[in-house]
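Q: A predicted structure for the sequence below; I have some questions about it.
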Amino acid sequence: MSLRTSPPEDLVARALDGDRRAVGRLLTLVERGGADAETVASLTQPHAGRAHVVGITGSPGAGKSTLVSQLVAGIVDNGTVPAVLAVDPSSPLTGGAILGDRVRMADVDGVAFIRSVATRGHAGGLALSIPGATRVLDAVGYSPVIIETVGVGQVEVDVTAAADTTVVVVTPGMGDAVQANKAGLLEVADIFVVNKADRPGASDARRDLELMLEFSHVTGQENENYRPPILMTNSLDGDGVAEVLSAIDTHRRFLDDSGERAVRTRRRIRFEIENRLAMAFDVTLAQRLAEPATEALIDRVAQGDLSVVDAAEQLRQMMLGSREN
Amino acid sequence: MDDGLSSGTEAAAPIRVVLTKLGLDGHDRGIKVVARILRDAGMEVVYLGLRQTTDSIVAAAVQEDADAIGLSMHNAGHMTLAPAMLKAMAEAELEIPLVVGGIIPEDDVQSLSDAGVAVVLGPGAPSEEVVNSVRAAVAAA
Amino acid sequence: MTDRPADTTDGAGSSHDREGDEAYQAWREAYDGAKLRDVPFETMSGVPVDPVYGDGPYPGQYPFTRGVHASMYRSRLWTMRMFAGFGTAEDTNGRFKELLAAGGTGLSTAFDMPTLMGRDSDSPWALGEVGRAGVAVDTLADMEDLFADIPLDEVSTSMTINGPAATVMAMYVAVAEANGVERGKLNGTIQNDILKEYQAQKEYIYPPRPSMRIVTDMVKFTTAEMPRWNPISISGYHIREAGSTAAEELAFTLANGFAYVEAALAAGEDINDFGKRLSFFFNSHSDFFEEIGKFRAARRIWARWMKERYGATEERAMLCRFHTQTAGVSLTAQQPEINIARVATQALAAALGGTQSLHTDSFDEALALPTDKAARIALRTQQIVAHETGVTNVADPLGGAPFVEWMTDEMERQAEEIFAHLDNLGNGSILEGVYAGIENGYFVGEIADSAYRFEREVNAGNRIIVGVNDFTEGDDSNPNLLRIDGAVEEYQRKRLDTVKRDRNQAAVDDALARVTADAEDPNVNLMPSIIDAVRTYATEEEIAMAMEKVFGTYVEKAIV
């Protein structure tokens, strides 16, 4: 039977048996959303929860793909098989995308499981599909699961919310640290990496980060037992990669020992529920707005019989009513 | 059950194509143009770049759950390399179309089709032909 | 060569008053000192023409916009250098001998893809590519066959190879010396332009910096020991083929040239010494005046930068001498015979642009490697330009025309913008700027953007390509194509097996260990140990791997 027409139940069984094609297919179902994605989520959840999830983000050109490929090689050397979700933007005009992160991971793609993910134009969708995809990879035994995103925007903050450990990569001399701060990435960072540390300005970038950490109330300061380290790497020749791996491990142990992992897990569940609901409400809202009753309300506002505020309130009451049925 | 949760993100999913060069041939002008043509037609192109082996291409197509594999060939090696690719795909039970483009003489097109190549795109194939033939091959698979 | 014909005119246009024009007097002196070809310099109707028209600086005068010699093609036509190579070394050797018998003196060698990538014919990577796009060279034994019975002290050999250039040049030296020809007498050019590989052609082995060390070692070695050898041919051809604009081709190529100069200067070389032995290789595409402007601007920019930025004092070290090839990418698979007309206009642009040598493409190259007949037609095409059109009678015949001068200035302006960007990227070093542009994807990104823009214009019908998106009726031809049979691959593998069996393995291992050791020490020139290694019949791939152990490999970032 072709995998293309296999029901999710079969695919999950095959994936748990180690069939990589089935894993690939399950990720597609998760990405498409809908009923199949929900089935996959339910079926994989009992098997998930073992993998450490690492988010890696930073501005374009920071050398993340090369760094990830070296981290993956180091992880494989340590005896586990990781998976990577490499997120790249879709074109806002056409919905298409060119996903090129595998090129830099060529030497590890026979061992690790690497999946390129396009944002498909809506951050909300990604906020749903990334936790779902992570759950699949976790369930079938990959660990850690690394989520790599490009850029320093809201998408990155959303995506890294799915991670246990978030690594923010900056490069010297590009004002990366400032950008990361503006985007709110400093609040979510557990580890900072100054990549291309052989370049001029590397120590300036490090100092910028240290200053920003001092002056802002960030994650590390919430917990007196953990302060985000700032590491220097040169992913071209692999300098500092072992230190990043070790820092990820240190953070993992911190999460376990301090009870912070439970806090983060709850936060992640809350975030996923919130996203699912938000998306559902968006859909319901869109449906409601397309109904004739809405048109009638608009007519009344246009004729001056009703205020905009009252029209919106009436619609809200109608929507709440319909949910209660 | 129309609660929105089910229908939330379900939409016509983009076609995913693994696009690559097999072997040593480094002529990548054509493949880069094709990558953009497919992206601009709304497809997701997983670009593997240069110097791939049949094994690395199969591994990528499996992990990416690709709907098709596109190979660009400019080194007159297509009569050896395209069948090698098909063989590797068959061994991995990858039931997706193989699209080959590049400098392919007219005489070889039939042989490649007979061998199982879904689409052969010659030099100067217009964008619509590229897009439509990939769509048709994916739909037929 | 004969005595000069009675000159009935005074040169440079008789309407000018030449009294007190010192540049003119200097040009006149140079022209008068030059040997001229024994042909009438007049139109086909018998009208005598001057050797140059218009204003100075004249041809052969700084900044050489108007040409590198005072007399240009009146003294010597461009070299008609046709690139050839296929099948086994013996096959190509046969073609070389035919060329020499027909009066040619320049040999041009194309290698197959595995050889270009430093892979042997028995490598799994070589499958399907052995002997296809050029000749296969695995060991010195193949090079011995390739140049068997050819007097290497009399011919000039051009070898188009980059990644493993040092090994192939070492083999050439070893073959010559085994035949009693000293390396100092060898005349030729090896492409060895590694920077454009990262930007366009993608035939690299190691990362940019160690690759540049090899190039610099070759420059030093040839400067010291092979004074008649050109160690780098800085090539824009592939940049253009990959889709760049004319100005990008010009700017990226010259910037690469500046980078080699900076690397050689840093290694302590004398600019007047190695500057003379740098040559260039450009594309001649279809937009006639743009190409001519590009060629003229190339000479002017190079001369100015060599003199003003790098301190060259000898004029010969400021000359941008270049080979040209017509644009392979412009050839269409549709109605292939009409490519002959494209090649003709591109060849004419190269001649009007003052090229030193020219390869004209064969009309069937959009379909396959050229047949003998198609290659002959291509050669005939440039012979028509050289002998029938009369454009060779006058140096820089378009110089002074407002549009041509404007186009030359415009090409220069666009190129200078790009140099400024690279200079800035490299904090005042073009070499560092080029490294940075390779690393951050600048070059490949710009090239891909330009290629896509062109493609969209063609696709939208805004740009007409005859036979492709307009005038398409009549595509009924099915030309005979060259087929290379698979037997070459099998033959070459067997030959490699035999060579490996018969050689002294201990000597090979020792020699390879020395190559690795020398690679580890940046202060040692790699050439001597590579020459010793090829003499043991170590293979090209073995030598490449001996260095790769130290240098690593390069994977390009995906810039699409």
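A: Here it is on my side, so go on. Please read these numbers as outputs of a predicted model, since none were measured by experiment.
Q: how many neighbours does C:D142 have?
A: 26 (other CB atoms under 10 Å in any protein chain shown). Heads up, the C-betas are built off the backbone N, CA and C, glycines and all.
Q: oh sorry, the question was meant for B:V34
A: 26.
Q: was I right about it contacting B:G102?
A: No - the criterion here is CB atoms under 8 Å, and B:V34 misses it with B:G102 at 9.9 Å.
Q: Give me the common contacts of those two.
A: With contacts defined as CB atoms under 8 Å, 6 or more residues apart in numbering or on different chains, the residues shared by B:V34 and B:G102 are B:S72.
Q: Now do the same contact list for C:V137.
A: C:V137 neighbours (CB under 8 Å, 6+ apart): C:89, C:111, C:115, C:143, C:146, C:168, C:171, C:540.
Q: try A:D198
A: A:234, A:236, A:239.
Q: Which positions in chain B make contact with chain C?
A: Proximity of chain B to chain C (CB under 8 Å from any CB of the partner chain) is limited to residues B:23-29, B:32-33, B:35-37, B:45, B:47, B:49-51, B:53, B:75-77, B:79-81, B:84, B:103, B:105-107, B:122-124, B:126-127.
Q: quick one on the thing from earlier: show the buried residues in the contacts of A:D198.
A: Listed as buried from these are A:234, A:236; burial here means 16 or more other CB atoms under 10 Å in any protein chain shown.
Q: from the contacts of A:D198, which is closest to chain C?
A: The closest of these to chain C turns out to be A:L236 (CB to the nearest CB; 7.8 Å).
Q: just wondering, since we're on that closest one, how far is it from chain B?
A: 17 Å (CB to the nearest CB, to the nearest Å).
Q: can you pull up the bridge partners for A:D88?
A: Residues in a beta bridge with A:D88, per DSSP bridges, are A:A118.
Q: Quick check: it touching A:D101?
A: Yes - counting by CB under 8 Å, A:D88 touches A:D101, with 6.5 Å between them.
Q: Which one's more surrounded, the two?
A: A:D101 (26 against 21).
Q: Could you pull up the residues touching the more buried one?
A: Contacts of A:D101 by CB under 8 Å, 6+ apart are A:65, A:68, A:86, A:88, A:114, A:116, A:148, C:558.
Q: Give me the buried stretch members for the helix or strand in which the second one is found, please.
A: Take DSSP states H and E as the rule and A:V68 turns out to sit in helix A:64-77. Residues A:64-75 are the ones in helix A:64-77 that count as buried (16+ other CB under 10 Å).
Q: repeat for stretch C:340-348
A: Here stretch C:340-348 shows C:340, C:342-348 as buried, counting by 16+ other CB under 10 Å.
Q: do it and chain B meet?
A: No - using CB under 8 Å from any CB, stretch C:340-348 stays clear of chain B, with a minimum separation of 13.6 Å.
Q: What's the local residue count around C:T381?
A: 25.
Q: In the chain, what helix or strand scores lowest on average pLDDT?
A: Here I'm looking at chain A. helix A:219-222 (a mean of 48; mean pLDDT, DSSP states H and E).
Q: Actually, chain B is the one I wanted.
A: Per mean pLDDT, DSSP H and E, helix B:106-115 ranks last in chain B, at a mean of 91.
Q: ok, residues contacting the helix or strand following that one?
A: As assigned by DSSP H and E, the chain's next helix or strand after helix B:106-115 is strand B:119-121. Residues outside strand B:119-121 that contact it (CB under 8 Å, 6+ apart) are B:97, B:99-102, B:104, B:108-109, B:112-113, B:129-130, B:133-134, B:136-137.
Q: Quickly note the distance from the residue positioned nearest the centre of chain B to chain C.
A: Geometric centre of chain B, nearest residue: B:G70, 2.0 Å, by CA atoms, centre = their mean. Separation of B:G70 from chain C (CB to the nearest CB) stands at 13 Å.
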